[in-house]
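>>> Quick one, structure for this:
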Amino acid sequence: MALDRDGVILPRLRPMDVARRGVIFGLLGVVPLLVATLSISGSSDREEFLAVVGVLAGAFGLLLLVIGAGFWWLSAEDIRRLRDWHTLTTQAASVTIIGPAFLRSGLVLTVLGTAALVLNQFVDSYG
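Take a look at the predicted model:
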């Protein structure tokens with residue numbers, strides 16, 4: 001593991017790596033969603049649960065995606081991982097960590113919301 005002069009882990013984060021991990025975490029989050037959905041009795045209750053989760057997760061996910069992309073753009077020259085928190089020297093430097101964190105969280109929620117809406121259609125058709 002190489003470090004630069006500020007103690008930041010190299011190589012720095014790339015958007016595709018952050019996006020790939022966010023999508024993988026989002027797909028892993030579908031498993032608890034399935035378990036929660038199967039624990040609800042009644043087709044209409046399942047549909048309502050999935051619709052609410054889908055809309056809320058999708059909306060918050062898109063919001064976090066936009067904010068994360070904005071922070072990433074603001075600090076494009078100095079993107080850091082969350083574990084590089086100890087290398088921050090000013091309060092404004094926290095933007096270098098917030099961008100990737102929000103981007104990954106936004107992708108997790110967007111994938112989870114999309115999966116909930118697809119499951120909602122499935123429950124509606126076959127439930």
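>>> Can you give me the neighbour number for P32?
Per other C-beta atoms under 10 Å, the neighbour tally for P32 reads 10. Glycine gets a C-beta too; all of them are placed from N, C-alpha and C.
>>> contacts for the helix or strand hosting it?
When elements are defined using DSSP states H and E, P32 is found to belong to helix 30-38. Defining contact as C-beta atoms under 8 Å, 6 or more residues apart in numbering, one finds that helix 30-38 is touched by 46, 49-50, 53, 111-112, 115-116, 119, 123.
>>> what's the farthest-apart pair in those residues?
R46 and V111 (19.8 Å; C-beta to C-beta).
>>> can you map out the helices along the chain?
In the chain, the segments counted as helices under DSSP state H are 15-28, 30-38, 43-74, 95-126.
>>> how about the third one: buried residues?
Going by neighbour count (16 or more other C-beta atoms under 10 Å), the buried part of helix 43-74 is 46-47, 49-51, 53-54, 57-58, 60-61, 64-65, 67-68, 71-72.
>>> for it, packing partners?
Taking 3 or more C-beta pairs under 8 Å, 6 or more residues apart in numbering; DSSP states H and E as the contact definition, the neighbouring helices and strands of helix 43-74 are helix 30-38, helix 95-126.
>>> Just want the angle from that helix to helix 15-28.
Angle, helix 43-74 to helix 15-28, by axes from the mean of the first three to the mean of the last three C-alpha atoms, to 10 degrees: 170 degrees.
>>> Distance from the chain centre to helix 43-74, please.
Per C-alpha atoms, centre = their mean, to the nearest Å, the displacement of helix 43-74 from the mean C-alpha position of its chain is 9 Å.
>>> circling back: any chance of the helices and strands packed on helix 43-74 in CSV with distance to L10 and mean pLDDT as columns?
Converted to CSV, those look like this (distance: least, C-beta to C-beta, whole Å; pLDDT from 0 to 100):
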stretch, distance to L10, mean pLDDT
helix 30-38, 33, 95
helix 95-126, 14, 94
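>>> Please identify the deepest-packed of those helices.
Among these, ranked by average contacts under mean count of other C-beta atoms under 10 Å, first place goes to helix 95-126 (a mean of 20).
>>> what sits up against stretch 90-106?
Residues outside stretch 90-106 that contact it (C-beta under 8 Å, 6+ apart) are 13, 15, 18-19, 21-22, 25, 60-75, 78-82, 84-85, 88.
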